[in-house]
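Q: structure for this input, please:
(chains A, B and C)
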Amino acid sequence: MPELPEVEYARSVAERAAVGRRVRDVHVEEDAIVFENLPPDLLRKRLLGAEVRAARRKGKQLWLEIGSQGSLLIHLGMTGHLRTPDERRLKLAADTPLDDGRWPPRFAKLHLVFDDDGELVFTNSRRFGRVRWRQDPRAESPVADLGFDPLLEAPSVAEFQGMLSDRKGVIKSLLLNQRFVAGVGNWIADEVLFRAGIDPRRRACDLTLDESRALHESLGYVIEFAVSVDADKRRFPDDWLFHRRWGKAAGVTTGGDAIEFVTIGGRTTAWVPSCQR
DNA sequence: CTCAGTGTTCAGTG
DNA sequence: TCACTGAACACTGA
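A: So this is what the prediction gives:
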């Protein structure tokens, strides 16, 4: 479930299953919310017989280039996945109770079948995900409105320090602002601030140069590590706050420091007052 | 039964 | 106009 590392994994799943293939069959669920203004017949017409040329991503936005006409732009929302029969077995079978082994999976919204008999399914149980058509995604909303992607185009430390000094909002909220940095969600924002030792309630422009540098470093580290293990949370390092903010292990870090919760920008924020100033 | 939630948008405020 | 905040959205699972 989708912050940048999960979306990057979904992109790689789509790349392996779809790129270089032609679409032989399309099943579209009737869903005016998820498909916005995209009528099922039109979507089917655009996809059928077309070749998938590439699978790309910026922030949490993911798109498949379809022939030379345009791209199928997908946002996973809070509960979206891209599934293939293999991927389901290999990685995510144990990941969510929604995955009970059936194929096509529950909550399938779009089901593509390719000329090599491969398949790709977009699922979305709570319907915050979106499927859109864009001629040139990078030049149009919402991709055009995104800030930098920390994996693809991270600014230098000096540039990042300058960007922070221009912002007077709360740092946790700024990290969640996709127009500032694309791909950071609630748990990554908390993890990054924990690692950098910064109180999530601080104003961005009040951070010292050392703190800004630490934040730049931790943003790169957390995202690159999570991507390197295919966003598999079981492989995240033990000392990450991630493992300690929910469930039975919640409440105390591996170092023995108390974890507290506060609402910032409408989101539950986990932080460690004794380590974050 | 109630409520939180790995996300985004939009109305309202300063 | 800009920056920012908080509510609303849809629905499952705890």
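Q: tally of neighbours for the nearest residue to A:Arg245 once chain neighbours are set aside?
A: Spatial nearest neighbour of A:Arg245, excluding adjacent residues (C-beta to C-beta, 6 or more residues apart in numbering): A:Ala270 at 4.0 Å. For the C-beta atoms, the positions are set from N, CA and C on the backbone; glycine is no exception. For A:Ala270, the count of nearby residues is 22 (other C-beta atoms under 10 Å).
Q: could you do A:Arg46 as well?
A: Neighbours around A:Arg46, by other C-beta under 10 Å: 18.
Q: sorry, back to before: host element of the residue nearest to A:Arg245?
A: strand A:267-271 (DSSP states H and E).
Q: for chain A, which residues are neighbours of DNA strand B?
A: By C-beta under 7 Å from any atom of the strand, the part of chain A that sits against DNA strand B consists of A:1-3, A:6, A:59-60, A:75, A:77-78, A:126, A:128, A:142, A:176, A:178, A:185-187, A:246, A:266-268.
Q: in strands, which of the residues you listed fall?
A: With strands taken from DSSP state E, the overlap with the residues of chain A next to DNA strand B comprises A:75, A:267-268.
Q: any of those buried? List them.
A: A:75, A:267 (16 or more other C-beta atoms under 10 Å).
Q: up against DNA strand C, what does the stretch 51-200 of chain A have?
A: Residues of the stretch 51-200 of chain A lying near DNA strand C (C-beta under 7 Å from any atom of the strand): A:78, A:97-98, A:125-128, A:167-170, A:173-174, A:177.
Q: most neighbours out of the residues you listed, which is it?
A: So for those (other C-beta under 10 Å), the most neighbours sit at A:Leu174, 22 neighbours.
Q: nearest residue to A:Pro142 other than its sequence neighbours?
A: Nearest to A:Pro142 is A:Gln61, by C-beta to C-beta, 6+ apart, at 6.4 Å.
Q: in chain A, which helix is the longest?
A: helix A:209-228 (DSSP state H).
Q: against A:Val262, how distant is the closest residue to DNA strand C within the stretch 51-200 of chain A?
A: Nearest residue of the stretch 51-200 of chain A to DNA strand C (C-beta to the nearest atom of the strand) works out as A:Gly169 at 3.0 Å. According to C-beta to C-beta, to the nearest Å, A:Gly169 and A:Val262 sit 16 Å apart.
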